[in-house]
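> what would the 3D arrangement of this be:
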Amino acid sequence: SQLTLVFIAAHAFVRSKSDILWFCRAMAIALIIAGTYALYDRYVGGVHRVRGTFDHSNALGIWAYLGALPCLAVSFHKKVPPFTTILLLTGFSLGAIAAVLTISRATQMILAVLSLFFVIHGVATHRNRKAFTLLIAFSLFAGIAAYKAKDTIQERVAGAKLADAHDKEEEIEDLRIVLGRQSALMLGDSFMGIGWNNYQVACSRPVLRYSAVLEEHEAADGDNHSVETFLRNPTVESLYWYLLAETGYLGFACFVLFLGSTLWLMMKAYWRYRGTWLGDFLLSAVIVLSALYAHSHLEKVLLQTKNIVPWFALLAIASKLETIRRRGNGAINPQTRESVHLGSPIEA
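Residues are numbered from 1 along each chain as shown. Now for the predicted structure:
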């Protein structure tokens, strides 16, 4: 119910293009705070994998690139005011720093690839002095950030390679695969799933059927754990296997339909406002959410409130734009009696 309120509030908030720009500014300010907190954790607190106020470092990294990349995309448009451009770029920079300091390989890869894409897109689309200035600034920032983070990244990659080599040598199956097999067993027992929010109970003792999958894996590692160790087992990392196990084929199909339909609304809105900063924002939302949905196969962070809030806010903006399209430009909001002007496809 709280997340429904987030959607309703964001939907009601948007009445003009300036409101969406205010949303971008708010994201930038949140990223500045999170990035500052991450820097404090790393260089004052001595934390290796920062997580800020999040439950896990991966959740912070995904939240950071979900907000940072739209800020970068919007900042290239010439009609965005200078102060807002500086704020958005500062938010992107500190958000990117927070994502890098989480030491999540998937997060860093998505951030690097999509940042490069949005910079190339911004320069190729606008081809003005502002775009080329930002290209130079981004190149300097990326170079400095890569130099500062190279030791940490190399250490993380080396550690992962060492762990993979050890697992191969000992013929140890990756835990993600084991938990996926556990989820498949749950789904095989019932095509309707084991029930919403029941995974943690079902996969742990005293229910032995699903806990046995993990216990056999631990025994193969040579670890002898007491029964108490398996009273609260880890849950599968993949969001999609998690939903399949709990809600079955029907619930999973509904979720996929929800993802597809909301992305379609965003793509329609982008096509309508292409060439404007709002079009850049919508394009970035489509691409970043697509990357997030792919990333969700590895991390089920979309079940955590702090990650769901910006996600639902983006979906609410797409929903409001579709509502305005159906009313027609210049329609009157029946609650506020204010005119709603989001412009034509060619308006900047």
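> check what pLDDT F118 gets.
Looking at F118, its pLDDT stands at 90.
> check contacts around P234.
P234 sits next to L175, L179, L214 when contact means C-beta atoms under 8 Å, 6 or more residues apart in numbering. Bear in mind the C-beta positions are built from the backbone N, C-alpha and C, glycine included.
> now, which of the residues you listed lie within helices?
L175, L179, L214 (DSSP state H).
> most neighbours out of these, which is it?
In terms of neighbour count, L179 stands highest of those at 24 neighbours, by other C-beta atoms under 10 Å.
> for it, which non-adjacent residue is spatially closest?
Using C-beta to C-beta, 6 or more residues apart in numbering and skipping the chain neighbours, the partner closest in space to L179 is V236 (4.0 Å).
> the one you found falls within a helix, correct?
No - counting by DSSP: H, G, I helix; E, B strand; the rest coil, V236 is located in no helix; its state is coil.
> please tell me how far it sits from H56.
Going from V236 to H56 by C-beta to C-beta, to the nearest Å gives 15 Å.
> and these two? which has more neighbours close in?
V236 (24 against 15).
> could I get the phi/psi values of the more buried one?
phi -60, psi 140 (degrees, to the nearest 10).
> over to the one 10 residues further on?
According to degrees, to the nearest 10, the main-chain angles of E246 amount to phi -90, psi -40.
> closest one to I324 out of the ones in helices among the contacts of P234, please.
If you rank those by distance to I324 using C-beta to C-beta, L179 comes first, at 43.4 Å.
> so what's the closest one up against?
Counting by C-beta under 8 Å, 6+ apart, L179 has contacts L214, P234, T235, V236, E237, W241.
> show the pLDDT at it.
Looking at L179, the pLDDT reads 91.
> go on, N128?
Looking at N128, the pLDDT reads 74.
> and the closest residue to it other than its chain neighbours, how close does it get to G91?
Once flanking residues are discounted, N128 sits nearest to K78: 5.5 Å by C-beta to C-beta, 6+ apart. Distance from K78 to G91, counting by C-beta to C-beta: 19 Å.
> quick one: which of those two has more around it?
A count of neighbours by other C-beta under 10 Å puts G91 above the other of K78 and G91, at 29 against 12.
> hang on, that one packs against I33?
No - taking C-beta atoms under 8 Å as the definition, G91 is not a contact partner of I33, at 9.5 Å.
> C-terminal to the helix or strand where L94 lies, what's the next element?
Using DSSP states H and E, L94 maps to helix 82-101. The helix or strand immediately downstream of helix 82-101 is helix 105-126, counting by DSSP H and E.
> how far off centre is that next one?
Offset of helix 105-126 from its chain centre (C-alpha atoms, centre = their mean, to the nearest Å): 15 Å.
> and what of stretch 287-307?
For stretch 287-307, the separation from the chain centroid amounts to 5 Å (computed by C-alpha atoms, centre = their mean).
> what lies in contact with that stretch?
Contacts of stretch 287-307 (C-beta under 8 Å, 6+ apart): 2-3, 53-56, 58-59, 62-63, 65-66, 69-70, 106-107, 110, 114, 117, 176, 235-240, 242, 259, 263, 266, 308, 311, 314.
> buried sites along that stretch?
Residues of stretch 287-307 classed as buried by neighbour count (16 or more other C-beta atoms under 10 Å): 287-289, 291-293, 295-296, 298-302, 304, 307.
> so H217 sits right up against V178, yeah?
Yes - judged on C-beta under 8 Å, H217 makes contact with V178 at a distance of 4.5 Å.
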